[in-house]
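In: The following comprises the amino acid sequence and a computationally predicted model.
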Amino acid sequence: MGLTRQYLQWEQAGVFNAICSSSGNVAVLGTHFEGGLVASPAAEHVIIWRLRDKSKHAVLEGEVGNYVTRICPSTDKKHLAVGAFKGSIFIYEYKTCEKVVTFNGHKSEVTVLNYNSSGTLLVSGSKHKNEVWDFVILRNESLLVTGSIDSELRAWEIQYLELDSFERRTSLDMVSLVKRGSVIRKGLKRVMSMDSINDCIFVCHGSDKFAEAFEVLSDEALAKRAKRQQKKKRHNSEDSTQPTESFANMVKTLPLLKTDSKVSSLMLQHYEKIPSVVCGLSNNAIQRLPLDLASSANSNEDSLILSLPGHRFDVRTVSISADNTLLASGSKEALKLWNSKSLTCIRTIATGYVISSLFVPGDRHMVVGLKEGSLLLIDIASGTILETVSAHLSEVWSLSPLPSQSGFLSGSSDKTVKEWLYDLVEDEHGQKRLSVSLSRTLELEEDILSIKVTVSGKYLAVALLDNTVKVFFLDTFKFFISMYGHKLPVSSLDISTDSQLMVTGSADRNIKLWGMDFGDCHKSMFAHDDAVTCVQFLPQTHLIFTAGKDGLIKQWDGDKFLLIQVLKLIGASTDEVDFAGRKSHETICFAEKLIEALEIHHTFTLTGEANATLVAMGDISSEEYVLNSLKRIKASEVERSLYILPFDLVIIFLNLLENFVAKNIEIELSMKCIMFLIRYALILSNQQLLSFI
């Protein structure tokens, strides 16, 4: 028996930069809490924020990889129910913030949670597709308002049937609904969620930068409005008929509630005796807007926004200080510094579009590269920009420190690599501060995507847009060797501490291991189901971490060419987490064959010209060719292959499947495909397919 090698297992230690994930909803935890507490989803955890001072009150920890999709506080103010992506429901206590109960009854993500009036019963619903996306009940449970895929909010009168005690126990039809009319909202897309307060005010939102509020008038207000309308009609004509009590006449449309970004969820609350709307925004922020019932327009001057503890846009670069106490992250709007232990944001520096960063030796300063081509020198203690250098003409994609700690190199898409040295200069107050000066420049023929200097200080590796990696001697910038083999550009590269191995990651989804002595390729491995975005050696080892757009981080053994561990990331709330993240090479091949067959069928249908492929297959029909391609897909790969189809081909494919069912051809397989596409292709909200449904 051969010797086995042991590896350290890596686990997720924490989540930061998360204020409000778009996967779930925000929930107000009652007004009796000091400062007004709001619970928001943060990946798999729930964070409770105190809005008054914009601080974090508590964190309810969930299961790794099982992100939060729904939050609902109990009506008795004792518990908080949290629904998750994998179908679990967790119950937490308010006071201790501890998990007390776990329910595992659903097979897919929980989308609806609600308590009864006493807080003793909890109703839950899991993922579904339905034309009614949300609803509220008003006027002492006598009026139901529903939101659908269009701009119309429909109202229904709830009529309770008079049944005896036996009929109540045995009958499911205890109520009936009578339509009372509708009101048109300003949003053009489907309703995403609704909420109500005071039994008369309700709000709703779509995927827009505003929420809409409505007030159902009381009986007294309705009577006054009816008298005014009757009086007006008597003056204008002799018609004195009673006005109809439709829903449009019962509702007063309140001013729009404009937000800083698209609304992903909302909830109504009373804050200082004023109705307010707490919105979870799609850009990782929470905003509270007061609702003025008397004014004709709502002002955002009194709104409160919680945004500093996280980025508004995608994080493009992350750096760690030498003493492991600080984390730096950069995005389109700012650079943020984090405490690596508490994961709290300690600095936010408005910089512009940051795409690369590094800590200066000593961890008191940072250098960041911007998309516009500038370099910024930042003082960490004060959070100020000491110097702005017009370094390049376009994006500074990569920064690499010199082993001597005397400076760094910058690589840009302006086809140059520049060496910069640290220096001390006097500022306007006569005090010395850190600065950088240009030492020399290496000009190349292609855009530069990534650079790396070996720890030994002997070589400089440069990844170019022409899919190659060129290695130069660092001291003279003379060319040493070129490495080629990737089909698409190399997005990231790294060199081991002993300067023996180099790993490259590319948009072709492969990683390659190269020897630094002769530039020979030791191994090429299919690493991710989407483009590889980052590769990194673990210091003093040949262990490699890779990251990809498929949302996975993988650990590899660079000596034995083995996959050691896969770490799944959180964040996406779509079905791509379930299907696209598990695509295999075989799945892609099946999907490509089916796409090819559908395109041949579509072309033949439009032109009627004979296709060479169909003739070579025995002059079969295009429908038969599509059916044969479908039957060749393994049963376990059918759904994953269908998920890759472009939407225009989904329409063509559904019409074909309908013909197959009508002709009793492969009914079981055809119906399986139809049901999957109806569920996952989002066709319920597409006008082209309403007739098919």
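Out: That came through fine.
In: low-confidence ranges in the stretch 101-250 of the chain?
Out: 128-131, 163-173, 233-245 (pLDDT under 70).
In: can you do 90?
Out: Counting by pLDDT under 90, the stretch 101-250 of the chain shows low-confidence ranges at 101-142, 148-154, 156-182, 184-190, 192-193, 196-200, 207-208, 215-250.
In: Distance across stretch 44-56, terminal residue to terminal residue?
Out: 16 Å (C-alpha to C-alpha, to the nearest Å).
In: roughly how far is that stretch from the heart of the chain?
Out: 20 Å (C-alpha atoms, centre = their mean, to the nearest Å).
In: Helix or strand next in line after the worst-scoring helix or strand of the chain on mean pLDDT, which one?
Out: With mean pLDDT, DSSP states H and E as the measure, the helix or strand of the chain carrying the lowest mean pLDDT is helix 165-170 (a mean of 51). Using DSSP states H and E, the next helix or strand after helix 165-170 towards the C-terminus is strand 175-184.
In: Helix or strand next in line after that following strand, which one?
Out: strand 193-197.
In: Show me what that following strand is packed against.
Out: Packing partners of strand 193-197 (3 or more C-beta pairs under 8 Å, 6 or more residues apart in numbering; DSSP states H and E): strand 134-138, strand 201-205, strand 263-271. From N, CA and C alone the C-beta is placed, and that goes for glycine too.
In: rerun that using 10 Å as the cut-off
Out: For strand 193-197, the packing partners by 3 or more C-beta pairs under 10 Å, 6 or more residues apart in numbering; DSSP states H and E come out as strand 27-28, strand 134-138, strand 143-147, strand 201-205, strand 210-216, strand 263-271, strand 274-281.
In: buried residues in the longest one?
Out: Of all the residues in strand 263-271, those buried under the rule 16 or more other C-beta atoms under 10 Å are 263-269, 271.
In: who does that strand pair up with?
Out: The strands that strand 263-271 pairs with in its sheet are strand 274-281 (antiparallel) (by DSSP bridges).
In: ok, so of the buried residues of strand 263-271, who is nearest residue 489?
Out: residue 264 (34.1 Å; C-beta to C-beta).
In: okay, the helices and strands packed on strand 193-197 in JSON lines with distance to residue 123 next?
Out: Listed next are those as JSON lines, based on distance: least, C-beta to C-beta, whole Å:
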{"stretch": "strand 27-28", "distance to residue 123": "16"}
{"stretch": "strand 134-138", "distance to residue 123": "13"}
{"stretch": "strand 143-147", "distance to residue 123": "16"}
{"stretch": "strand 201-205", "distance to residue 123": "20"}
{"stretch": "strand 210-216", "distance to residue 123": "24"}
{"stretch": "strand 263-271", "distance to residue 123": "18"}
{"stretch": "strand 274-281", "distance to residue 123": "22"}
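In: and stretch 66-80, how far apart are its ends?
Out: End-to-end for stretch 66-80, by C-alpha to C-alpha: 17 Å.
In: List the buried residues in it.
Out: Buried, per 16+ other C-beta under 10 Å, within stretch 66-80: 66-74, 79-80.
In: Is it possible to get TSV of these that adds distance to residue 664?
Out: What follows is the buried residues of stretch 66-80, written out as TSV (distance: C-beta to C-beta, whole Å):
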residue	distance to residue 664
66	43
67	43
68	46
69	40
70	42
71	48
72	47
73	53
74	53
79	54
80	53
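In: Next step: these restricted to helices.
Out: Among the buried residues of stretch 66-80, no residue falls in helices (DSSP state H).
In: for the chain, longest helix please?
Out: Selection of the longest helix in the chain by residue count, based on DSSP H, yields helix 585-607.
In: and it, how far out from the chain's middle?
Out: 30 Å.
In: Pull that helix out as CSV, backbone CA atoms only.
Out: Taking Å, rounded to 0.1, in the frame of the first residue of the first chain, the C-alpha atoms of helix 585-607 are listed here in CSV:
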residue,chain,number,x,y,z
HIS,A,585,-18.0,18.9,-20.2
GLU,A,586,-20.5,16.1,-21.2
THR,A,587,-23.4,18.4,-20.4
ILE,A,588,-22.1,21.1,-22.7
CYS,A,589,-21.5,18.7,-25.5
PHE,A,590,-25.1,17.4,-25.3
ALA,A,591,-26.4,21.0,-25.2
GLU,A,592,-24.3,22.0,-28.2
LYS,A,593,-25.6,19.1,-30.3
LEU,A,594,-29.2,20.0,-29.4
ILE,A,595,-28.6,23.7,-30.2
GLU,A,596,-27.2,22.7,-33.6
ALA,A,597,-30.2,20.5,-34.3
LEU,A,598,-32.7,23.3,-33.4
GLU,A,599,-30.8,25.8,-35.5
ILE,A,600,-30.9,23.4,-38.5
HIS,A,601,-34.6,22.9,-37.9
HIS,A,602,-35.3,26.6,-37.7
THR,A,603,-33.3,27.3,-40.9
PHE,A,604,-35.1,24.5,-42.8
THR,A,605,-38.5,25.8,-41.6
LEU,A,606,-37.8,29.3,-42.9
THR,A,607,-36.1,28.5,-46.2
